[in-house]
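Student: no sequence on this one, just coordinates:
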C-alpha cells in the first residue's frame, strides 16, 4: 500500500516568472490546476493564488497551500518531497525560473541528503522542473537587449559561497568581457557585497560601462534605472533588484540599451 | 498624416520559448492576437500559426505572415521596422527568449544603423521585447538543475566573433568554475568549433565533468544525453542542440543532474 501511493506522487518545481501573471507559462498554470498541495515562500504562494483567482480557472482539487518564510529552502524542499511521497500531487512554486538560484537545486539537494527511511521513496518520485522567465531576462527585455551577446550570471546572496570565490569570478568575467547579471545584489546577511562589487568592477572596467538596475520588473513596483559605472551607487540596488552590467560594446540606441550580436567588426 | 501613422505603429519582439506551445507566455500569445504583421524565420512563423490554431483564439485582424530564411536577421529586422513605421502592429517572433542570441539585438542594431530617411521614424517607434523561456533553461529543467549556481552562456555560432575571443572566454569561464551553456555548438559555417571546444574543455576540466546534450527540448524531436567530458564526442551536438557543461560540483542524484546552490562547504 505504501509502495503504491509512493509511486503515484509527483513533485513539480514550477517557475512563476518575474511577477506579471501574463508571464506565467500555460504549463505552470496547468500544474497548479492539478495540484493537491502547493508549497512555497509566502509571496510566491500569494502570486500563485492570485493567478488562479484572476483567470477564474477551477482547480481539480481543493488545494492545500503551504506558505513558508524565506531562507528555509531545504526545509521547504523536504516538506514537498514528504507530501509527494505520500502520493500527493505537489507543486513547489519559485519566482522566475526554478533552475536559476531558486528551488530546483534545493529539491535535488534534499533528495541527495534524504533521511535513510525516506531515500528510496524520494528517489522513486516523479520530479519535474517547469521552466519560467527568469528575472535577468525580464529585466533585459525591459531595457532592450543587454544580454544579446555572451554573458554570465552570478548570485551575490548570503553565505552560500565565500566572498573570494565571487571576487575571482567577477574578475575573470570582466577579463572575458562577458556582460554580467547579478542576482540578490544586497542580501540581508551580506549588505556590503554590492559595495565591494562596484569596487571590483571599477578596477577593471571603463567608467562609461553601462549598468541597469532593474527592480521588481513586471510588477506595479517596477523601476528601471540606467547609469554608467562611474555614476553607480550601492543604494541603487536592494533585495528585489537585478543588476545587469554590459560588456565593453554595450551601448545606448535612443531609449534602449543593447549589446550587439557581433564582437569586433560588424558583419 | 505620415507622422500620425508613424507614432501609432508598434514593434514587439516576442519569444516563443523552446518549442512546446504550453511554454509560450500569455503576454506573447496576446501580442500575436493583436498583430497586423508577424515577421520571422520560417519555422518560428509556423510555430506561431500553430499556437493560434491549436488554441482556437481569434486574432483581432487578418494577420500578414512574413516568413524568411535563416541568417538574414538584419533584413528581417529592417522589414519589421519599416512595417511598424507605416503604423502597423508588428510582432517579430524569435525562438526561446528574444534577448538571448536572437532577434532583439538585431532589431536594435537595425535601428542604430537606420537609413537617414527612416531614422527619426524608427527611433520614435514603440518597441517592446517580450521575454520567453530560453533554450538553456528549458534544457536545464529537463535534466534537473545544472544551472542552479553561477553560470555563463556562450554562442559558438558562425562568424559573429573571432574564434580567439571564444577560446579565451571558455578558458576564463573554466578558471572561474562557471557552469556553461553553449548555443549553436555546430553551426554550418563553423562545424569545427565544437571539436575545438571539447579540446579546450579537456585541457582545463577533469575527465569526469558532466555534460548535457539537449536537443529540441519540449518538441517531439527532443533528446537528452548526459555523459562525462571523457565520453563526449562532437557528433553528440548538432544545430538544434544546447550543450550544458557542469561546474566542478555538478553531480548526479538518481536520474537527475544538478549543481548545488552552495560552493565549498554545505551550509
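Tutor: Received it, and whenever you're ready, just let me know what you need. Values in this document were obtained by computation on a predicted structure and should not be read as measured data. Numbers count the residues shown, from 1 in each chain, chains lettered A, B, ... in the order given.

Student: What does the residue lying closest to residue A:31 once chain neighbours are set aside show for phi and psi?
Tutor: Excluding the flanking residues, the one nearest residue A:31 by C-beta to C-beta, 6 or more residues apart in numbering or on different chains is residue A:12, at 4.8 Å. The way it works is simple: take the backbone N, C-alpha and C, and place the C-beta from them, glycine included. Torsion angles at residue A:12 (phi, psi; degrees, to the nearest 10) stand at phi -110, psi 130.

Student: Pretty sure residue A:12 sits against residue A:92.
Tutor: Yes. Contact status for residue A:12 versus residue A:92: in contact at 7.2 Å, counting by C-beta atoms under 8 Å.

Student: With neighbour numbers in mind, choose between these two.
Tutor: Comparing residue A:12 with residue A:92 by other C-beta atoms under 10 Å in any protein chain shown, the one with more neighbours is residue A:92, at 32 against 25.

Student: separation between the more buried one and residue B:74?
Tutor: 42 Å (C-beta to C-beta, to the nearest Å).

Student: can you check residue A:141 too?
Tutor: Using C-beta to C-beta, which is the criterion applied here, residue A:141 is 20 Å from residue B:74.

Student: Who has more neighbours out of those two?
Tutor: residue A:141 (29 against 16).

Student: which residues of chain A score low on pLDDT?
Tutor: By pLDDT under 70, the weakly predicted segments of chain A are A:1-7, A:158, A:266-267.

Student: now do 80
Tutor: A:1-7, A:70-71, A:158-159, A:187-191, A:265-267 (pLDDT under 80).

Student: And the strands in it, which stretches?
Tutor: For chain A, strands defined by DSSP state E occupy the ranges A:10-15, A:37-41, A:64-68, A:89-94, A:126-130, A:144-145, A:151-155, A:179-183, A:210-215, A:223-228, A:241-245, A:251-253, A:256-258.

Student: who wins for proximity to residue B:199 among these?
Tutor: strand A:151-155 (22.0 Å; C-beta to C-beta).

Student: can you list contacts of the closest one?
Tutor: If you take C-beta atoms under 8 Å, 6 or more residues apart in numbering or on different chains as the criterion, strand A:151-155 is touched by A:100-101, A:136, A:166, A:169-170, A:173, A:176, A:178-184, A:247, A:259, B:149-153, B:173, B:176, B:178, B:261.

Student: Within range of chain B, give me the residues from the stretch 151-267 of chain A.
Tutor: For the stretch 151-267 of chain A, the residues in contact with chain B (C-beta under 8 Å from any C-beta of the partner chain) are A:151-155, A:159-162, A:165, A:168-169, A:172-173, A:175-178, A:251, A:253-254, A:256, A:258-264, A:266-267.

Student: could you flag which of those are buried?
Tutor: Buried residues within these, counting neighbours by 16 or more other C-beta atoms under 10 Å in any protein chain shown: A:151-155, A:160-161, A:165, A:169, A:172-173, A:176-178, A:251, A:253, A:256, A:258-263.

Student: Let's have the strands of chain A in a markdown table, adding distance to residue B:221.
Tutor: Shown next, in a markdown table, are these (distance: least, C-beta to C-beta, whole Å):
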| stretch | distance to residue B:221 |
| --- | --- |
| strand A:10-15 | 23 |
| strand A:37-41 | 32 |
| strand A:64-68 | 37 |
| strand A:89-94 | 28 |
| strand A:126-130 | 19 |
| strand A:144-145 | 28 |
| strand A:151-155 | 28 |
| strand A:179-183 | 30 |
| strand A:210-215 | 35 |
| strand A:223-228 | 38 |
| strand A:241-245 | 33 |
| strand A:251-253 | 37 |
| strand A:256-258 | 32 |
